[in-house]
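*Asks:* Using only what follows, build the 3D model:
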Amino acid sequence: MENLPVPEALQPYMPLIVGSVTAIVIFIVGVIVARWARDLVARALNKRQLDKSLVGFLASLTRWLVLAAAVIAALERVGLQTTSLVALLGSAGIAIGLALQGNLAHFASGVMILLFRPFTVGHYIEAAGKEGHVKVVGLFTTTLLTLDNETVIIPNGAATGGVMINYTVSGSRRAHIEVGVAYGSDIPEVIAVLKKATARCDLALEDPAPVIAFVGLGASSLDFVVLAHCDPARYADMLHQVRTAVYEELAAADIEIPFNQIVVHQAA
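*Replies:* Numbers count the residues shown, from 1 in each chain. Now for the predicted structure:
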């Protein structure tokens, strides 16, 4: 089959027409491939059970990168020089990156948090000098709800830039409850009373078992510490329960909890 004749008047424009049609085809194919790539990335990341906000961002980023490549390829087909355009976009990206370097650092930290999961929503953590339950983990900030019902928004760069404590991930949290009794008290008896007090507290876990230790000779008291584990979500309740039981059991055993005392010697 012979090629259809091209009118003489259109012959000078044929390269442009062919290039334009090719560019349109490239762009349409690019749109289709971009959607396919976005869905493929989203499925792959969802299988790894990554955070939905991170999955959405990476999937959208993949789509826009494929679209950008398709647009550049299409522009080249119609005869436009894209080298200068790519250089311009690169320079603009560097300038924007320098202007937003603080926010980009928070963004990078957010990606690291969502990828490696040092904490997740619902965990009780301490970060950037604040502690509370994690309510939202975003790409730029992490939101905590404190025990005082305060909403604290921490930039992710600050959260990952220092020491971070996760009280939930190990499954239990240990409380240090200090107890002072009067000098002259029988140490084995005090330890037995403190063990009895912790044994009646249902919020104190039996495994690991509570530990009672004689830790020091204070200025006004013999100092003991009760180490008890609990569910991290019931930490404040457990502290209240153990302290109440300790006070009641010491009172029942007639073991004195002394006030701070100052002894003054008068010079002769």
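
*Asks:* Can you show me the helices along the chain?
*Replies:* Read by DSSP state H, the chain holds these helices, from start to end of the chain: 14-47, 52-77, 83-99, 101-116, 156-160, 187-199, 235-252.

*Asks:* hey, which of these is tucked in deepest?
*Replies:* With neighbours defined by mean count of other Cβ atoms under 10 Å, none of the helices of the chain is more surrounded on average than helix 156-160, at a mean of 21. For the C-beta atoms, the positions are set from N, CA and C on the backbone; glycine is no exception.

*Asks:* Low-confidence stretches in the stretch 101-250 of the chain?
*Replies:* For the stretch 101-250 of the chain, applying pLDDT under 70 flags the ranges 101-103.

*Asks:* sorry, back to before: dump the helices of the chain to a markdown table, plus distance to Val137.
*Replies:* Shown next, in a markdown table, are the helices of the chain (distance: least, Cβ to Cβ, whole Å):
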| stretch | distance to Val137 |
| --- | --- |
| helix 14-47 | 15 |
| helix 52-77 | 8 |
| helix 83-99 | 24 |
| helix 101-116 | 6 |
| helix 156-160 | 8 |
| helix 187-199 | 36 |
| helix 235-252 | 21 |
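
*Asks:* With adjacent residues omitted, what lies nearest to Glu126?
*Replies:* Counting by Cβ to Cβ, 6 or more residues apart in numbering, Ile165 is the residue found nearest to Glu126 once chain neighbours are left out, at 4.1 Å.

*Asks:* quick revisit: out of the helices of the chain, which comes closest to Glu126?
*Replies:* helix 156-160 (10.1 Å; Cβ to Cβ).

*Asks:* Give me the contact list for the closest one.
*Replies:* 102, 105-110, 112-113, 118, 127-128, 138-142 (Cβ atoms under 8 Å, 6 or more residues apart in numbering).

*Asks:* for it, the distance to its chain's centre please.
*Replies:* 9 Å (Cα atoms, centre = their mean, to the nearest Å).

*Asks:* hmm, back to that, any idea how far Ala34 is from the residue nearest to Glu126?
*Replies:* Using Cβ to Cβ, to the nearest Å, one gets 42 Å for the distance from Ile165 to Ala34.

*Asks:* again with Val136
*Replies:* Noted for Val136: a distance of 29 Å to Ala34, by Cβ to Cβ.

*Asks:* and if you look at Ser172?
*Replies:* 48 Å.

*Asks:* Also Ala127?
*Replies:* Going from Ala127 to Ala34 by Cβ to Cβ gives 37 Å.

*Asks:* now stretch 50-70, how far from the chain's geometric center?
*Replies:* For stretch 50-70, the separation from the chain centroid amounts to 22 Å (computed by Cα atoms, centre = their mean).

*Asks:* how about the nearest residue to Arg234, chain neighbours excluded?
*Replies:* If you skip the residues right next to it in sequence, Arg234 has Leu203 as its closest partner in space, 5.3 Å away by Cβ to Cβ, 6+ apart.

*Asks:* before we move on, what about Val226?
*Replies:* Per Cβ to Cβ, 6+ apart, closest to Val226 is Ile177, 4.2 Å.

*Asks:* Tell me, how many residues neighbour that neighbour?
*Replies:* By the other Cβ atoms under 10 Å criterion, the neighbourhood of Ile177 contains 20 residues.

*Asks:* for it, what are its contacts?
*Replies:* 225-228, 239, 242-243, 246.

*Asks:* Now with 7 Å, please.
*Replies:* 225-226, 228, 239, 242-243 (Cβ atoms under 7 Å, 6 or more residues apart in numbering).

*Asks:* Using TSV, lay out those together with distance to Leu217.
*Replies:* Written out in TSV, the entries for the contacts of Ile177 read as follows (distance: Cβ to Cβ, whole Å):
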residue	distance to Leu217
Val225	14
Val226	18
Ala228	23
Leu239	25
Val242	23
Arg243	22
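
*Asks:* Of those residues, just say which sits nearest to Leu147.
*Replies:* Leu239 (11.3 Å).

*Asks:* Verify the contact between the closest one and His176 for me.
*Replies:* No: counting by Cβ atoms under 7 Å, His176 is not a contact partner of Leu239; they are 9.8 Å apart.

*Asks:* quick one: the residue nearest the centre of the chain and Ala42, what's the gap?
*Replies:* Nearest to the mean C-alpha position of the chain, by Cα atoms, centre = their mean, lies Phe119 at 4.6 Å. Distance of Phe119 to Ala42, given as Cβ to Cβ: 24 Å.
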